[in-house]
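Enquirer: build me a model:
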Amino acid sequence: MEFSSKQEEKHYYQHIASEQEFLEWYKNQEHPMYQKPSVTVDMVLLCYNKNTDQIKVLLIQRRGNPYRNSWALPGGFISPNESTGDSVIRETKEETGVTISEKNIEQLHTFSTPERDPRGWVITVSYLAFIGEAILSAGDDANQARWFSLERKNNRLYLTSGDTKIILDLKTQASLGEDTLAFDHSQIIIKAFNRIVNKMDHEPQVLQVLGDTFTITEARKVFAKFLGVDYHSIDHSNFKKSLIGFLKEVGERPASIGRPSKLYQLKENFREK
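Expert: Presented below is the predicted three-dimensional model:
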């Protein structure tokens, strides 16, 4: 079929032709009418060490440019044949050696600020997951992978591993000091942190960092970490009353002194108290 102008051709395939004809035409255009961004995924992966009473976040050190040698969240570009969820599971495994599943992950936010990536127009879909502390093995685009302890002090988050300390300001959503995160990963971590704090009371999936079973005291300690307070300041009885609807009792943990502690786990439908 011949057309007298590009505009006439465009009108025909958009408004008259079948969808199959339109798609065949569209894919063959040298200059598509809409520019296409690249799409990446980023994972905020959190765990809790009961022995040291520390919340930790998983970071990788980038092997190549841009931001070579900077610390960043695990992630990367998605492939044409996978969803963003499948991609973040694959990228996390490739870069850190940690295996997560669809049951672990929660979509956090889409970050699309222009120039957020110096390579061009790149949109990222971020995810949040809670697991037990796992052994790491860096690979793919990472020099190394580390668990960074995450501590809240007033309106700042301190991410620490060895001599590396990254400070994030909850108000400005920026990195402070010499060590900074790559891209806009400071904003992504802060977004995840605020999501957890805002949902703890009615969707306490953050307790997944405690593993299959936990005590009320251990749950108080996790909540206290995100609130930036001493867990003793959270009243045990009131806390238990507010949380018990999301939990089921599954046994007891023997104590060396005194009564054993009751063990709980999150109900499968914990989102519906």
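
Enquirer: list the buried residues in the one helix or strand Leu263 maps to.
Expert: When elements are assigned from DSSP states H and E, Leu263 belongs to strand 261-266. Buried residues in strand 261-266, counted by 16 or more other Cβ atoms under 10 Å: Ser261, Leu263, Tyr264, Gln265, Leu266. The C-beta positions use only the backbone N, C-alpha and C, and glycine is treated the same way.

Enquirer: can you check stretch 78-86 too?
Expert: Residues of stretch 78-86 classed as buried: Ile78, Thr84, Gly85 (neighbour count, 16+ other Cβ under 10 Å).

Enquirer: which strands and helices sit next to the helix or strand of the chain with the lowest mean pLDDT?
Expert: Among the helical and strand segments of the chain, the one scoring lowest on mean pLDDT, DSSP states H and E is strand 174-176, with a mean of 82. Strand 174-176 makes packing contacts with strand 164-169 when contacts are defined by 3 or more Cβ pairs under 8 Å, 6 or more residues apart in numbering; DSSP states H and E.

Enquirer: what packs against the strand it packs on?
Expert: Short answer (3+ Cβ pairs under 8 Å, 6+ apart): strand 164-169 packs on strand 156-161, strand 174-176, helix 185-199.

Enquirer: tell me which residues of it are tucked away?
Expert: Ile166, Ile167, Leu168.

Enquirer: same check on stretch 196-210?
Expert: Buried-residue list, stretch 196-210, by 16+ other Cβ under 10 Å: Ile196, Val197, Met200, Glu203, Pro204, Gln205, Val206, Leu207, Gln208, Val209, Leu210.

Enquirer: among those, name the ones in helices.
Expert: Among the buried residues of stretch 196-210, the ones falling in helices (DSSP state H) are Ile196, Val197.

Enquirer: just the buried residues of stretch 196-210 now: which is nearest Pro254?
Expert: Leu210 (18.1 Å; Cβ to Cβ).

Enquirer: show me the contacts for that closest one.
Expert: Tyr48, Lys50, Glu218, Ala219, Val222 (Cβ atoms under 8 Å, 6 or more residues apart in numbering).

Enquirer: which one of those sits closest to Gly177?
Expert: Nearest to Gly177 among the contacts of Leu210, with distances taken as Cβ to Cβ, is Tyr48, at 25.1 Å.

Enquirer: the closest one pairs with what?
Expert: Ile55 (DSSP bridges).

Enquirer: separation between it and Pro254?
Expert: Separation of Tyr48 from Pro254 (Cβ to Cβ, to the nearest Å): 22 Å.

Enquirer: looking at those two now, which is surrounded by more residues?
Expert: Comparing Tyr48 with Pro254 by neighbour count (other Cβ atoms under 10 Å), the higher total belongs to Tyr48, at 25 against 7.

Enquirer: residues contacting the more buried one?
Expert: Gln54, Ile55, Lys56, Gly132, Glu133, Val209, Leu210, Val222, Lys225.

Enquirer: hang on, the earlier thing: nearest to Ser18, of the buried residues of strand 261-266?
Expert: For these, the nearest to Ser18 is Leu266 (49.9 Å; Cβ to Cβ).

Enquirer: relative to Asp235, how far out is the closest one?
Expert: Here Leu266 is placed at a distance of 21 Å from Asp235 (Cβ to Cβ).

Enquirer: cool, and Ile105?
Expert: With distances taken as Cβ to Cβ, Ile105 is found 33 Å from Asp235.

Enquirer: one more: Ile131?
Expert: The gap separating Ile131 from Asp235 is 29 Å, by Cβ to Cβ.

Enquirer: more neighbours, the two?
Expert: Looking at Ile131 and Asp235 with other Cβ under 10 Å, you find the greater number of neighbours at Ile131, namely 18 against 11.
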